[in-house]
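1. please find the sequence and the predicted model below.
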Amino acid sequence: MFSSTSPDSVLAVQRFGDGDPVVALHGFTQTGAQFPLLTIPGRSIVAPDLPGHGGSTGASTDAGATIAAITELLETCGRGTPLVGYSQGARLALSVATTTSFRPACLVLISGTAGIQDPQERETRHAADVSLGKDIKAVGIERFIDRWTSSGLTDTSTLPAPQREADRTQRLTNTAEGLASALAGYGQGSLDPVWGKLGTLEMPVLILTGERDTKYTAIGAELAASIGDTAEHLVIHGASHNPLAEHPRAVSAIISGFLDGNG
């Protein structure tokens, strides 16, 4: 594993494996340390800590600045670098691919969405994100992470004990202030929706969702339909919101095969 914060990037970056780079963007409350689970022969996984997370608490969490920082990292890795995103990371990956000049060779979107289209719903969500940030600061990072990972889409209780503990340790490298800032800056209520731009994507797009995550599986189908013929939507049997954590070997094999053909 390689870890650095270089003058070429405002983000702390971890690198796993050897070979041509694949940039991978983590979910909310996680860090780049999510991605040792993604093993792709002949590829290295370049996994930044997104602004407000892990070692990137000094980076601006403004939505535009966040997209610019990710784009800068991709440019450093080279034109055509494949881009993978999970949940929060998938939303950002779509924003990069549709609103900047960088064009990844291909996109992998795990449990993602293209944003909230209705302005009033987006405003309501932003208020909820800000409120959640205040709650995180009030209860503290450890109590919040334990609550966050014990129910709903982000429940980790079904993971093997060693993996569950590693996941918790990774999340506890965050700070309450950093997570609150990330929510306010580029949470779902702050990112502009890009549904109307999905038809402009010309690169191959792989959309992965979990069978038990009916909400995001429906969104995944809508994403694929909006993108068109270059998109493929696969539903991972028995998985919930985080298929990579729940079925790392199977999901890694699927992504590896997709990259071999497209990246």
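-> Happy to help now that I have it.
2. tell me if V23 really is in a strand.
-> Yes - if the criterion is DSSP: H, G, I helix; E, B strand; the rest coil, then V23 is within a strand.
3. show me what it is bridged to.
-> V46, L83 (DSSP bridges).
4. can you list the low-confidence ranges for the chain?
-> Scanning the chain for pLDDT under 70 picks out 1-9, 263.
5. could I get the full set of strands for it?
-> Taking DSSP state E to define them, one finds strands in the chain at 2-4, 13-16, 20-25, 43-48, 83-86, 107-110, 205-210, 231-236.
6. okay if I get these as JSON lines plus mean neighbour count and distance to R171?
-> C-beta: built from backbone N, CA, C; applies to glycine. As requested, the strands of the chain are arranged in JSON lines below (neighbours: other Cβ atoms under 10 Å; distance: least, Cβ to Cβ, whole Å):
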{"stretch": "strand 2-4", "mean neighbour count": "13", "distance to R171": "17"}
{"stretch": "strand 13-16", "mean neighbour count": "21", "distance to R171": "15"}
{"stretch": "strand 20-25", "mean neighbour count": "23", "distance to R171": "16"}
{"stretch": "strand 43-48", "mean neighbour count": "24", "distance to R171": "15"}
{"stretch": "strand 83-86", "mean neighbour count": "28", "distance to R171": "14"}
{"stretch": "strand 107-110", "mean neighbour count": "30", "distance to R171": "17"}
{"stretch": "strand 205-210", "mean neighbour count": "26", "distance to R171": "20"}
{"stretch": "strand 231-236", "mean neighbour count": "18", "distance to R171": "22"}
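7. I67 is nearest to which of those strands?
-> When the strands of the chain are compared for distance to I67 using Cβ to Cβ, the nearest one is strand 20-25, at 10.9 Å.
8. for the closest one, enumerate the helices and strands it packs against.
-> Taking 3 or more Cβ pairs under 8 Å, 6 or more residues apart in numbering; DSSP states H and E as the contact definition, the neighbouring helices and strands of strand 20-25 are strand 43-48, helix 63-77, strand 83-86, helix 88-99.
9. what angle do the last one and strand 43-48 make?
-> Right, the one you point to is helix 88-99. For helix 88-99 against strand 43-48, the angle between stretch directions is 90 degrees (axes from the mean of the first three to the mean of the last three Cα atoms, to 10 degrees).
10. how far off centre is helix 88-99?
-> Taking Cα atoms, centre = their mean, to the nearest Å, one finds the center of helix 88-99 at 9 Å from the center of the full chain.
11. and the contacts of that helix?
-> Residues outside helix 88-99 that contact it (Cβ atoms under 8 Å, 6 or more residues apart in numbering) are 24-28, 50, 63, 66-67, 70-71, 74, 83-85, 102-104, 107, 109-115, 186, 188, 191-192, 194, 197-198, 200-201, 203.
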